[in-house]
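Here is a sequence together with a model predicted from it:
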Amino acid sequence: MIKNIAVIPGDGIGEEVVAQTVRVLDAVGEKFGHKFNYTYLEAGGCAIDSTGKPLPEATLEACKKSDSVLLGAVGGPKWDHIPGIRPEQALLGLRGGLGLFANLRPAIMYDQLKEACPLKESIIEGGLNIMIVRELTGGIYFGKSGRSEDGKTGYDVEEYSFYEIERLLRQAAEIAMKRNKHVTVVDKANILETSRMWRECAGKVFADYPEIRVDFLYVDNASMQLVRNPRQFDVIATSNIFGDILSDEASQITGSIGMLPSASLGEGSFGMYEPVHGSAPDIAGKNIANPLATILSGAMMLRYSFGMQAEADAIEAAVGKALDAGCRTADIAGGVTPIGTKEMGDAVIKFL
Ligand code: IPM
Ligand code: MG
């Protein structure tokens, strides 16, 4: 197969982690007889520097013409003080502009790294594997926002249509069918009207999936349950802002945010793939960042956008073998001598 991938390294460590992922994708392509073509594009702080805009139209247009997008990370202190412009606007522009309404964030605890998990052993006994399905193009992130005329009152509106909720819940249901068939819908239905719509909609959607066990949790309770008993979760389906918050929490209980990939999907097979972590400007350019979250995002791309199951499995297995062999970047070293970003890329390619 020939696939065209738009590559947005972005800022900070983005470039380094993306470079290792491209090497791994090429190695997989060679092994399985695929050709990946890459178009490098700018977005985020680097695009502000070169064009004045976080998301140049040319970048969005080129992404639309590709089969998928691989993104590193955007942002950094250098661009924190420009009035009205932020590198993060590139992310929202890509998500909205590409119609990527479903954000899949697996929180997996690797057995080899369980020392890094901050929870008691008795709580995580048997491992952790949660899939957060976050709505990504609606809610308060995309609602009306502004200030009153006198500037003394501000507002950000949470707004959801049944259509937006339904397509997200269907995506969550499809994913749950391939896992343990359990979905927890997280909301704040004791307070928010939109949350009551999520519950109403869930009743309709899950009627089509009688095998799925569905339950509902208020978001405050869900955030507590995630540290109290995270093993009760399989798939969590939730709104944009709740998913943002819970996915950070979930990433921390695995102990290794440097390991967590994500996929953002729309109606078809097109998707954008990026690590859950940010641009980490403090360690950029030093060859010490962990490329595994981005490499695993590459595996998700193969699985969800290109239907390449065996190829995705091969990357994930190679990452597992690199960890088994004791390969650790600084963030997951826990006492052993760490290897660099590029050396981790080498290890994954070797085990492929
Ligand atoms: C994330 C990030 C983004 C978000 C920011 C950088 C806009 O926190 O992807 O989780 O809030 O969606
Ligand atoms: Mg976030």
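Cool, the structure landed. Residues are numbered from 1 along each chain as shown. Ligands and ions are numbered 1, 2, ... in the order given.

Show the contacting residues for the closest residue to ligand 1 within the stretch 101-250 of the chain.
Nearest residue of the stretch 101-250 of the chain to ligand 1 (Cβ to the nearest ligand atom) works out as residue 244 at 4.5 Å. Bear in mind the C-beta positions are built from the backbone N, C-alpha and C, glycine included. Contacts for residue 244 (Cβ atoms under 8 Å, 6 or more residues apart in numbering) come out as residue 134.

ok, which stretches of the protein are strands?
2-10, 35-40, 68-73, 102-108, 129-135, 145-147, 154-156, 182-187, 213-218, 235-238, 261-265, 271-275 (DSSP state E).

what's the last one in contact with?
Meaning strand 271-275. By Cβ under 8 Å, 6+ apart, strand 271-275 touches 17, 63, 68-73, 94-95, 98, 100, 258, 260-265, 293-294, 297-298, 300-301, 304-305.

Could you count how many residues lie near the nearest residue to residue 243 once chain neighbours are set aside?
Nearest residue to residue 243, sequence neighbours excluded (Cβ to Cβ, 6 or more residues apart in numbering): residue 134, at 2.6 Å. Residue 134 has 27 neighbours, counted by other Cβ atoms under 10 Å.

Pretty sure residue 134 sits against residue 105.
Yes - counting by Cβ atoms under 8 Å, residue 134 does reach residue 105; the two are 6.3 Å apart.

where do the contact lists of the two overlap?
Joint contacts of residue 134 and residue 105 (Cβ under 8 Å, 6+ apart) are 243, 247.

Distance of residue 11 relative to ligand 1?
Separation of residue 11 from ligand 1 (Cβ to the nearest ligand atom, to the nearest Å): 12 Å.

if I look at that residue, how far off is residue 17?
12 Å (Cβ to Cβ, to the nearest Å).

tell me what the helix or strand of the chain with the lowest mean pLDDT is packed against?
Least confident helix or strand of the chain, by mean pLDDT, DSSP states H and E, is helix 121-124 with a mean of 92. Of the remaining helices and strands, none touches helix 121-124 by 3 or more Cβ pairs under 8 Å, 6 or more residues apart in numbering; DSSP states H and E.

Buried residues of it, list them for me.
By 16 or more other Cβ atoms under 10 Å, the buried positions in helix 121-124 come out as residue 124.

And stretch 144-152, by the same measure?
Applying 16+ other Cβ under 10 Å to stretch 144-152 flags no residue as buried.

average pLDDT for it?
The average pLDDT within stretch 144-152 is 97.

That one and ligand 1, are they touching?
No - Stretch 144-152 lies out of reach of ligand 1 by Cβ under 6 Å from any ligand atom, never closer than 13.6 Å.

got any ranges where the stretch 101-250 of the chain has weak pLDDT?
Scanning the stretch 101-250 of the chain for pLDDT under 70 picks out nothing.

which parts of it sit against ligand 1?
residue 244.

what are the ranges of the helices in the stretch 101-250 of the chain?
Per DSSP state H, counting those that start in this stretch, the stretch 101-250 of the chain carries helices over the ranges 121-124, 162-177, 193-207, 219-228, 240-254.

Those: which one's closest to residue 144?
helix 193-207 (13.7 Å; Cβ to Cβ).

Pull the number of nearby residues for residue 126.
Residue 126: 6 surrounding residues under other Cβ under 10 Å.

Ok, residue 166 next?
When counting by other Cβ under 10 Å, one arrives at 16 neighbours for residue 166.

Just want the residue of the chain that's nearest ligand 1.
residue 88 (4.0 Å).

any idea of the pLDDT on that residue?
Residue 88 is given a pLDDT of 94.
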